[in-house]
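Peer 1: Sequence and predicted model, in that order:
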Amino acid sequence: MSAIEDLLKTVAALREPETGCPWDIEQDHQSLAECLVDECCELLQTIDRLDMDHMEEELGDVLLQVVMHAQMARERGDFDFESVCGVVDDKLIRRHPHVFGDSATGDTDAVLKQWDQIKATERKRGPKQTGKFKDLPRQLPALMFAKDVYKQIEKQAMPIDGVIDSRAIATRAESMDEARLGEELFQIAAACRAKGVDPESALRRYTQQVVDTLEQA
């Protein structure tokens, strides 16, 4: 039996109503959501440090969360781990026609452009997007939320004059390196602390304000 088969069997045993672990049996998708966030953050820490001694373990912890959610879905008859793997495998093949098909691409930029075109085609077949912005997870950290919103603004070439100071953004991008930008972010976080403002909440509210304004434009 392979290691993944062993893991699937172990998790199924933990969830067995009569003989499993009481804590594992009590869990559902919602109760484990915070665990998934925590495990991803711990993995990101090992990646940031290039801590290979612990990255293997943290990858395993993230995989455990995937297996747990798949097991709970299997018990309800929704889907299982094998179908999860099948879905992502199909997506990878579908979105890489330059590898698995007869499409030719020249460089990374061309690959990313093709990826976006395929995603756009898939969205047309799925539920209709009602606004200009695609939905983003509510638990996404505010800085990632802001970055992804601006990425959507750039991709759709939305007019932002009067909403965002595009010249200030361009100036910072031109004049600051990573260390200087990090310093500025730290200073903003420190200023929020001094002012008694939660930087996460402030950035999330402002980003949502930008989204709402551009949606109405």
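Peer 2: Cool, the structure landed. Numbers count the residues shown, from 1 in each chain.
Peer 1: my read: Pro17 touches Glu26, true?
Peer 2: No - in this structure Pro17 lies outside contact range of Glu26 using Cβ atoms under 8 Å: 10.8 Å. For every residue, glycine as well, the C-beta is placed using N, CA and C.
Peer 1: for the chain, what are the low-confidence residue spans?
Peer 2: The chain contains residues with pLDDT under 70 at 1, 124-130.
Peer 1: Buried residues, the longest helix anywhere in it. List them.
Peer 2: The residue-count maximum for a helix in the chain (DSSP state H) belongs to helix 52-76. Of all the residues in helix 52-76, those buried under the rule 16 or more other Cβ atoms under 10 Å are Met55, Glu58, Leu64, Gln65, Val67, Met68, His69, Ala70, Gln71, Met72, Ala73, Arg74.
Peer 1: which other helices and strands contact it?
Peer 2: helix 3-14, helix 33-49, helix 81-94 (3 or more Cβ pairs under 8 Å, 6 or more residues apart in numbering; DSSP states H and E).
Peer 1: Redo these as CSV? Include distance to Ile118 and mean neighbour count.
Peer 2: Converted to CSV, the helices and strands packed on helix 52-76 look like this (distance: least, Cβ to Cβ, whole Å; neighbours: other Cβ atoms under 10 Å):
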stretch, distance to Ile118, mean neighbour count
helix 3-14, 28, 13
helix 33-49, 26, 14
helix 81-94, 7, 13
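Peer 1: Those helices: which one's closest to Gly196?
Peer 2: Checking the helices and strands packed on helix 52-76 against Gly196 by Cβ to Cβ gives helix 33-49 as the closest, at 25.3 Å.
Peer 1: what about the closest one, distance to the chain center?
Peer 2: Mean C-alpha position of helix 33-49 versus that of the full chain (Cα atoms, centre = their mean, to the nearest Å) differs by 12 Å.
Peer 1: Helix 52-76 and that helix, what's the angle between them?
Peer 2: 160 degrees (axes from the mean of the first three to the mean of the last three Cα atoms, to 10 degrees).
Peer 1: For helix 33-49, enumerate the helices and strands it packs against.
Peer 2: Using 3+ Cβ pairs under 8 Å, 6+ apart as the test, helix 33-49 ends up in contact with helix 52-76.
Peer 1: okay, now Ser201: neighbour count?
Peer 2: Around Ser201 there are 11 other residues, counting by other Cβ atoms under 10 Å.
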